[in-house]
Each structure stands twice: as C-alpha cells, then as structure tokens.
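J.: the sequence isn't on hand, but the structure is:
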C-alpha cells in the first residue's frame, strides 16, 4: 500500500537536465526502461519455456507467429520513436503545451494504423504464412498463434504512444510499473491458458497468444491510470483533444516514417532470418527460438540506454548544446557496455543450465551451447552499434538512420542466405553473422556522427 501511494502521489516536479549530462542523469532515464526490459523479457522467457514443453513444432510455430506479429507492430513502434524525438525536442526548448497536441495527433495516427494492419492480417495473414513457411505443421501452429495475437495490436500501439510521452520528457519510472503489471498478468495467464490450469481452458499455443493480448490490455489501463493520477495534464494540454492540425501530423509523419520503415525492415529481416533457418530443419528452428530468447536477455541494457540516447541527444540539440552530444553518447556507450558485459559473463559460465530452462531435449541443448558463446560476443557489438545508431535518430536525421539500417541489414541477410543455401553451414555459423552486423553498425554510425552532418537538423 505504501509503495502504491508513493508511486501515484499526484505531483510532478520538472528537473531540467544540466548542460553537461552526468552518468547519474543518464542512469535516471535509462534504469526504469532497463527494469521494464527485464520484466518484458520475463514474458519472453516464460512464453518460450512454457511452449517448449509442448514440443519442437509448437516452439517453432510460436517463434514464427511471434516474429510475424513483432514485424507488424514495428510500424507503430517506429512511429512512437519519432513521436518521442519530437516530444524530447519540445521539452528541451521548454515548449510544454505543444507536447500534448503532439501526443494526441500521434495517438490518432496509431489507432488508424492498428485498424489497417489488423484488417490486412485478418484478410491475408493465413495465405502469406502458407507461402513462406515450408513445414505444414509449423505453418498451422503459426496461424493458430497469430489468429489470437493480432488482437493485441490496438493495445500495443496505445502503449507505444504513452511510452513516447514519458521517455520524451525523461520521466520513465512509469514504464517499470506498467511492464511489471503486464508481466504478472502474462505469466499467470500463460500457466493457466497453455496447460489448462486455474480452471481455464487448455489452449496450447493459442493460450500463450491470448495471455499476451490480455497482458497488453492491462498495460494500457495502467498507463491511463498513472497519467490520470500523476501528470498535470493542463501543463502539457495532454488529451485536451484540440483542433486537428494537418501540419503537425505531417511533421510527425516526416520524422517518424523513416523510423517506421526502419523498424519494420529490421524485424522483417529477423523474421526472414528465422525462415531461412526453418529450411535447415525443425531442430535448428527450435534451438534458434531458444537462442533468440537468450539473446534478448543478453541485450537487456540496450533498450534503456538506446532510449536515453534518443531523448538526451534531441534534448541537448533543443537547448542548443550541440557540443555535448558526442560526449554524452560516449558516456552512454561506456554504461551500456558495462551492463552487457555483466550479463554476458554470467550466461557464458552456465550455458547448459541456461538452455535447460527452455527444453529437456539434450540434442537441442548440445546444439545451443556454441551459439550462446557466439551471441555473447555479438551482443557487445550490437550494444555499441545501437547506441551510436540511436544517437543519429536522436538528431532528427531519421532518413539517414533508415539508409544505414537498410544497407547494413541487406549485407547481413545476403550473407546469411549464402551461408545456408550455398555452403550449408551448421546453425552456429549462421548465428555468427550477428557479430558482423554489430561491427558494420558501429563503423557506419560512428563515421556519420563524427562527420557532423547532422548539426542544424530540425524536427
């Protein structure tokens, strides 16, 4: 009771960033998102662990269905990042009231986008999966999963716009709260709906999908409750639903469209990566789904520090402190690398025990051990690359971010396809391409930031 009372105390204190951003200030913004990422990954781990008990086909079908859904919601995620960049810029300029109008217009766009994607999946989703998935059993399971999972897109898009507001103004504690609510609901319903516990129907893979939808709904409700009780909406004119502005919506779309395409392309490539592995066999697909879950754990610090990079870079530019941008990015990289290194060290010491959380199949465990070592190295590379890359998008040069990501991912995907189709390498060598991706992202992003071509960008 005390915790809830403190968390929802109806006051809000504006504490401006100093001109030289300290490690403490970076951590203040990043740590609630990191905690939220940890909680989010508990969902990922429990989903994969529970579905893994249903067999290889369920594990592979759940992976394909889950990645298909993630690729679709990346449009909304990208629009949320673009909205966050604009909110942070207005916050840095001290222009608080335009923030509310930005969020309103962003929400309407997200709602329309969700309706469009939902309709397209209901009309053509099954046919698309049947064309791209080779195994009939895996395809059937994927269809079963996505049929329930797609209903969550409305709540996911709502959560993206709330996240854009809170990260943009540097008040990220609410992300921890809402994600914890989502985790608790998801884990309980996973256990009940997948296996038929607590008097609930036994739904298998569909149960995991339905549990995730309900969890996303509770996250949206938690955001709404927090905003109503905690945030002075008059200060930001938040959800006052003022006159529609085509110009403001156009600015949002201009900044966000490259991020939408970028995120969709990124996850589509990840989806295609798994489709390529699916051609190698059901065991390779199953172990890769387990590795995907572990990989996300290794990269837990990245989301928090990448979001902090976006916000702080845009904020500093809004204050006219361009000279602090690269210094701040270097500090964030040091903190991010330290966090990843701690997790990587732990996971590398106990790879078999880690894999046994997801499966009892010794063949899959033996197949997965060398890949754990590979992704440990890759996560460090990817962490550094993502911070530099987020620095570019934080400047407002989202079109440049799109070009960089598309170029690097095209190389990544081409090499993956060649390794599998031409050389028929084992699955651990395919995962080695992740290291190359991280190195390319570091090199290209750092070169652009050092060029200073982003100076003077407006959003």
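T.: Received, thanks. Because the structure is predicted, anything quoted here is derived from the model rather than measured.

J.: stretch 311-331: how far from the chain's middle?
T.: Its chain's C-alpha centre and that of stretch 311-331 lie 23 Å apart, by CA atoms, centre = their mean, to the nearest Å.

J.: for it, buried residues please.
T.: When burial is assessed from 16 or more other CB atoms under 10 Å, stretch 311-331 yields the following buried residues: 311-319, 321-322, 324-326, 328-329, 331. Backbone N, C-alpha and C define where each C-beta goes, glycine included.

J.: ok, and for stretch 439-455, which residues are buried?
T.: For stretch 439-455, by 16+ other CB under 10 Å, it's 439-442, 444-446, 448-449, 454.

J.: could you measure from residue 255 over to residue 37?
T.: 24 Å (CB to CB, to the nearest Å).

J.: oops, could you answer that again for residue 123 instead?
T.: Distance, residue 123 to residue 37, using CB to CB: 34 Å.

J.: okay, the two: which has more neighbours?
T.: Just comparing residue 123 and residue 37: by other CB atoms under 10 Å the higher neighbour count belongs to residue 37, 23 against 9.

J.: residues contacting that one?
T.: Shown in contact with residue 37 (CB atoms under 8 Å, 6 or more residues apart in numbering): 179, 300-301, 303-304.

J.: any idea which helix or strand carries the spatially most central residue of the chain?
T.: For the chain, the residue nearest the mean C-alpha position is residue 303 (7.0 Å; CA atoms, centre = their mean). Here residue 303 sits within helix 300-318, counting by DSSP states H and E.

J.: ok, residue 221 next?
T.: helix 205-230.

J.: any idea of the mean pLDDT in that helix?
T.: Averaging pLDDT along helix 205-230 gives 94.

J.: repeat that for stretch 233-249.
T.: Confidence over stretch 233-249, taken as the mean pLDDT, stands at 85.

J.: so which bits of it are buried?
T.: Neighbour-count burial for stretch 233-249 flags 236-238, 248-249 (criterion: 16+ other CB under 10 Å).

J.: so what would you say the end-to-end distance of it is?
T.: 21 Å (CA to CA, to the nearest Å).

J.: quick one: that stretch to chain centroid distance?
T.: 27 Å.

J.: shouldn't residue 457 be in contact with residue 395?
T.: Yes - Residue 457 lies in contact with residue 395 (CB atoms under 8 Å); the separation is 5.2 Å.

J.: can you list residues touching both of those two?
T.: Shared contacts of residue 457 and residue 395, defined by CB under 8 Å, 6+ apart, comprise residue 317.

J.: give me the more crowded residue out of those two.
T.: More crowded of residue 457 and residue 395, by other CB under 10 Å: residue 395, with 25 against 16.

J.: quick one, phi/psi of the more buried one?
T.: The phi/psi pair for residue 395 (degrees, to the nearest 10) reads phi -70, psi -10.

J.: list the contacts of it.
T.: Per CB under 8 Å, 6+ apart, neighbours of residue 395: 313-314, 317, 325, 454, 457.
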